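J.: Dropping the sequence and predicted coords here.
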Amino acid sequence: MPFRRALTILALAAGLLLPAAPASGKVRHVWVAAVPTTFDIIPNGRNAVEGGRFDDSQRIFPTIVYRRYTKGWRRPVRNSPRANVDHDAIPGPLIRAQVGDRILVHFKNKDTLFRRGHSMHFHGVKYRPDSDGAFLPGFSGPDGDVRPGRSWTYRLRAVRRSVGVWPYHDHATSMHESIVGGMYGMLSIRGKKERLPDREFVVVFAPSMSNGLQSINSRSFVGNTPVFKARVGELVQWDVMAMGSEHHTFHVHGHRWLNGRRPEDTRTLGPAESFRVRYREDAPGTWFYHCHVEDHMARGMIGIYRVRRR
């Protein structure tokens with residue numbers, strides 16, 4: 001045993017030295033508000049695959065959504081980078097962190113439309129009861145029912161078992177109406193040594209605000225659902241979750257990935273379940289991605305993925 005190492009071990013045993021403390025993570029501040037908007041689920045008014053047109057009463061709805069802001073809720077900004085997706089209303093902000101980080105989500109209720117209480121409830125991370133964000137009469141505090149004009153800070157910790165992607169959503173008194181209206185988003189937690197992907201796509205399968213339709217990020221049918229873009233050679237990550245009461249299957253044409261050691265190109269998920277898919281892009285072209293429950297795809301749950309050569 002080298003002399004210096006032997007001296008260090010003896011010093012530790014004698015209590016003369018303390019082992020180095022593990023490096024602490026970052027403190028990440030995220031500013032989010034619940035804001036009113038008028039949302040068009042089928043902006044081009046048609047089903048491009050099977051035909052059929054939709055009038056305004058079937059397409060356009062007032063709703064409340066999560067919007068990312070600059071510090072102090074001074075100015076609204078995009079929920080997701082423009083390089084990743086072409087539209088940016090629903091879902092809410094993609095919140096990224098790494099194991100060891102503390103995440104402070106500063107939330108303000110700006111619901112001037114319905115004047116309802118709202119909250120943010122997070123899956124997959126550690127927190128105290130006053131950051132649970134769920135309303136239960138007689139038990140929950142103001143975190144579970146933030147009244148219009150009020151704010152609350154949710155204090156979260158990303159631990160080793162947080163690695164992956166997780167939902168967050170409204171869990172206040174109007175939880176059902178809020179989720180139908182698009183009040184949800186995703187947490188993306190990386191491992192200590194895991195690199196950021198070059199492209200990160202958020203896909204939320206959910207029933208549409210319009211009765212009978214199905215949606216991706218609250219949009220229905222090709223030409224309206226998100227168009228995701230990547231280049232050959234990039235590390236691509238899909239963050240996929242389901243909201244509502246139905247099961248879905250995620251499929252990307254022309255692509256495969258590993259689930260553990262097993263290759264796959266389709267994966268099933270149920271209500272509030274989520275997963276991430278990572279791969280190195282090697283398939284240029286224009287591809288479909290969709291739910292492979294055939295009835296869901298026919299009712300709008302299908303979109304376009306474009307891959308360019310470098």
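T.: All right, it came through fine.
J.: Confirm for me that residue 276 is in contact with residue 241.
T.: No. The pair residue 276 / residue 241 is not scored as a contact, 9.7 Å apart, by CB atoms under 8 Å. C-beta coordinates here come from the backbone N, C-alpha and C atoms, glycine included.
J.: Parallel or antiparallel, list what pairs with the longest strand seen in the chain.
T.: What stands out as the longest strand in the chain, according to DSSP state E, is strand 27-40. Under the criterion DSSP bridges, strand 27-40 sits next to strand 60-69 (antiparallel), strand 102-109 (parallel) in its sheet.
J.: Could I get the contacting residues of residue 278?
T.: 197, 235, 236, 237, 257 (CB atoms under 8 Å, 6 or more residues apart in numbering).
J.: how much space between it and residue 73?
T.: Distance of residue 278 to residue 73, computed by CB to CB, to the nearest Å: 33 Å.
J.: Show me what counts as buried in stretch 205-218.
T.: Within stretch 205-218, the residues that count as buried by 16 or more other CB atoms under 10 Å are 205, 206, 207, 208, 209, 210, 213, 214, 215, 216, 217, 218.
J.: Excluding sequence neighbours, find me the nearest residue to residue 183.
T.: residue 170 (4.1 Å; CB to CB, 6 or more residues apart in numbering).
J.: Surely the one you found and residue 116 touch.
T.: No. At 9.1 Å, residue 170 and residue 116 do not qualify as touching, with contact defined as CB under 8 Å.
J.: quick one: which of those two has more around it?
T.: residue 170 (29 against 18; other CB atoms under 10 Å).
J.: Surely residue 176 is within a helix?
T.: Yes. Judged by DSSP: H, G, I helix; E, B strand; the rest coil, residue 176 forms part of a helix.
J.: re earlier: tell me, what's touching residue 170 and residue 116 both at once?
T.: Contacts common to residue 170 and residue 116, judged by CB under 8 Å, 6+ apart, are residue 178.
J.: returning to that earlier point: rounded mean pLDDT for the longest strand of the chain, please.
T.: Averaging pLDDT along strand 27-40 gives 97.
J.: Next secondary structure after that strand?
T.: helix 56-59 (DSSP states H and E).
J.: List the buried residues in that following helix.
T.: Applying 16+ other CB under 10 Å to helix 56-59 flags 58, 59 as buried.
J.: which residues does residue 53 bridge with?
T.: residue 46.
J.: one step back: which two of the buried residues of stretch 205-218 have the greatest separation?
T.: 205 and 210 (15.4 Å; CB to CB).
J.: Just give the closest residue to residue 147, not the sequence neighbours.
T.: residue 117 is the one closest to residue 147 (CB to CB, 6+ apart), at 5.3 Å.
J.: ok, that neighbour touching residue 133?
T.: No. Between residue 117 and residue 133 there is no contact under CB under 8 Å: 11.1 Å.
J.: Quick check: neighbours shared by those two?
T.: residue 172.
J.: Looking at the two, which is more packed in?
T.: For residue 117 versus residue 133, neighbours defined as other CB under 10 Å are more numerous around residue 133 (25 against 21).
J.: In a strand, the more buried one, correct?
T.: No. Under the criterion used here (three-state DSSP), residue 133 is coil, not part of a strand.
J.: what residues are up against it?
T.: 119, 120, 121, 122, 143, 144, 154, 171, 172.
J.: tell me the pLDDT at it?
T.: With respect to pLDDT, residue 133 has a value of 97.
J.: Likewise for residue 221?
T.: pLDDT, residue 221: 96.
J.: Next, count neighbours for residue 137.
T.: 8.
J.: Okay, and it sits in which element?
T.: Short version, using DSSP H and E: residue 137 is in no helix or strand.
J.: what about residue 161, is that helix, strand or coil?
T.: Under three-state DSSP, residue 161 comes out as helix.
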